[in-house]
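Engineer: Sequence first, then the predicted structure:
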Amino acid sequence: MEKNVYNTNIKPADRLASVNEYYFSRKGKEVARMNAEGMNIISLAIGSPDMPPSPQTIETLCEQARRDDVHGYQPTVGIPELRRAMANFYKKWYDVELDPQTEIQPLIGSKEGILHVTLAFVNPGDQVLVPNPGYPTYTSLSRILGAEIVNYDLTPENGWQPDFDALERMDLSRVKLMWTNYPNMPTGANAQMETYQKLVDFAQRHNIIVVNDNPYSFILNREHRSILQIPGAKSCCIEFNSMSKSHNMPGWRVGMLSTNAEFIRWILKVKSNIDSGTFRPLQLAAAKALENDAEWHDEANVQVYARRRALAEEIMRTLNCSFDPNQVGMFLWGRIPDSYQDVEELTEKVLHEARVFITPGFIFGSNGKRYIRISLCAKEDKIAEALERIKKVFK
């Protein structure tokens with residue numbers, strides 16, 4: 001058999017030197033190998049909702065997909081039905097008025113939006129404020145695009161909220177964007193109107209765009225807050241929202257961003273040159289999902305995650321980890337005991353001895369290096385089995 005021959009003179013783009021393969025992509029290969037060897041790993045690592053969307057959402061997709069006239073290219077701006085549904089969603093749940101024609105942009109998930117916003121506002125060499133700990137994609141995509149990362153600390157002493165005194169002491173002359181994420185991932189800190197007010201004031205005074213990533217406001221949370229509730233926020237803020245978490249649609253890849261009309265036009269210049277519109281039946285199904293009532297959200301999300309959360313808390317206690325019981329969202333964030341040299345000493349023991357995959361907090365930044373994160377995206381019986389396995393190892 002002829003072997004593949006590769007031209008070793010070909011090199012990747014220099015930008016790849018600034019990033020590594022995404023942690024869950026790399027670690028997932030190891031877990032897959034362990035499963036192939038029959039180890040039956042229970043994953044409590046990734047935040048991928050395992051429940052279905054509402055029945056009417058699925059019915060709409062199936063009904064529309066059978067039509068003969070819906071399979072062509074769609075507008076990058078999204079169909080009017082979806083844009084109106086997104087505007088109605090913001091009015092219903094956040095009491096925020098948005099013009100569906102000019103102040104909303106549907107996305108193929110929020111991760112895509114991070115790319116498009118960065119391309120629209122940040123030149124190579126500009127600085128971007130990124131939370132530590134925070135979602136790794138804020139850092140990796142900024143680096144790929146040539147931005148300089150400036151971390152700002154989130155600490156438990158400050159309730160995982162930004163330290164505005166520390167921010168004011170920074171040299172902000174080259175900062176273009178500030179990424180925020182409330183309710184927060186990975187820490188579970190809830191959104192606070194006081195924080196939102198300070199962020200809007202900070203952005204206006206320093207001519208910085210604050211981008212608030214807001215996909216978790218429906219998970220174990222009956223208070224739905226948006227930075228766009230603050231007067232003047234549209235002039236300097238962009239908010240992402242996602243149907244992945246709140247509507248059990250992670251694989252559908254439907255998100256949105258909301259801001260002023262001029263920012264939308266700039267972002268659309270980027271997006272329209274990168275992708276085409278989403279499949280029309282999927283957009284119509286997403287519009288139907290946005291009509292889900294409070295009862296569906298309570299039964300499909302809040303009650304289910306509450307039962308799972310109780311089991312996750314028991315896992316934390318078994319591992320002698322401390323945690324804030326007031327956390328919201330689909331993860332539980334806990335500090336490891338001082339007896340461990342580092343977090344991977346614990347997470348690798350849990351993986352290889354208890355056969356349970358949990359996330360080490362260092363992947364979210366240096367302020368997460370003494371923490372673990374447990375995902376609630378597994379059935380109760382699986383989390384209960386994980387608890388029993390861990391109890392046998394950590395007697």
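Structural biologist: Ah, there it is.

Engineer: Break the chain into its domains for me.
Structural biologist: For the chain, the domain assignment from automatic domain parsing gives the residue ranges 23-52+295-393, 55-289.

Engineer: Nearest to residue 9, out of these?
Structural biologist: domain 55-289 (23.4 Å; C-beta to C-beta). (Glycine included, C-beta is placed from N, CA and C.)

Engineer: quick one, helices of the stretch 1-150 of the chain?
Structural biologist: Secondary structure of the stretch 1-150 of the chain, counting by DSSP state H, counting those that start in this stretch: helices at 23-36, 55-65, 80-94, 110-121, 136-144.

Engineer: repeat for the stretch 151-300 of the chain
Structural biologist: Using DSSP H, counting those that start in this stretch, helices in the stretch 151-300 of the chain cover 164-169, 193-206, 243-246, 261-271, 280-289, 294-297.

Engineer: could I get those as TSV with mean neighbour count?
Structural biologist: Formatted as TSV, the helices of the stretch 151-300 of the chain follow (neighbours: other C-beta atoms under 10 Å):
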stretch	mean neighbour count
helix 164-169	12
helix 193-206	17
helix 243-246	24
helix 261-271	17
helix 280-289	24
helix 294-297	14
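
Engineer: circling back: now the domains of the chain as JSON lines including distance to residue 10 and mean pLDDT?
Structural biologist: Shown next, in JSON lines, are these (distance: least, C-beta to C-beta, whole Å; pLDDT from 0 to 100):
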{"stretch": "domain 23-52+295-393", "distance to residue 10": "23", "mean pLDDT": "93"}
{"stretch": "domain 55-289", "distance to residue 10": "19", "mean pLDDT": "95"}
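
Engineer: Distance to residue 13 for those domains - can I get that in a markdown table?
Structural biologist: Listed next are the domains of the chain as a markdown table, based on distance: least, C-beta to C-beta, whole Å:
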| stretch | distance to residue 13 |
| --- | --- |
| domain 23-52+295-393 | 19 |
| domain 55-289 | 9 |
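
Engineer: nearest to residue 11, of those domains?
Structural biologist: Closest among the domains of the chain, using C-beta to C-beta: domain 55-289, at 16.2 Å.

Engineer: start to end distance for that closest one?
Structural biologist: Separation of the first and last residues of domain 55-289 by C-alpha to C-alpha, to the nearest Å is 9 Å.

Engineer: And for stretch 317-327?
Structural biologist: Span of stretch 317-327 from end to end, C-alpha to C-alpha: 15 Å.

Engineer: and for it, what are the contacting residues?
Structural biologist: Stretch 317-327 is contacted from outside by 156, 187-190, 220, 313, 316, 332-337, 346, 350, 372, 387, 390-391, 394, using C-beta atoms under 8 Å, 6 or more residues apart in numbering.

Engineer: From those residues, keep the buried residues only.
Structural biologist: Burial by neighbour count, 16 or more other C-beta atoms under 10 Å: within the contacts of stretch 317-327 this picks out 187-190, 220, 313, 316, 332-336, 346, 350, 372, 387, 390.
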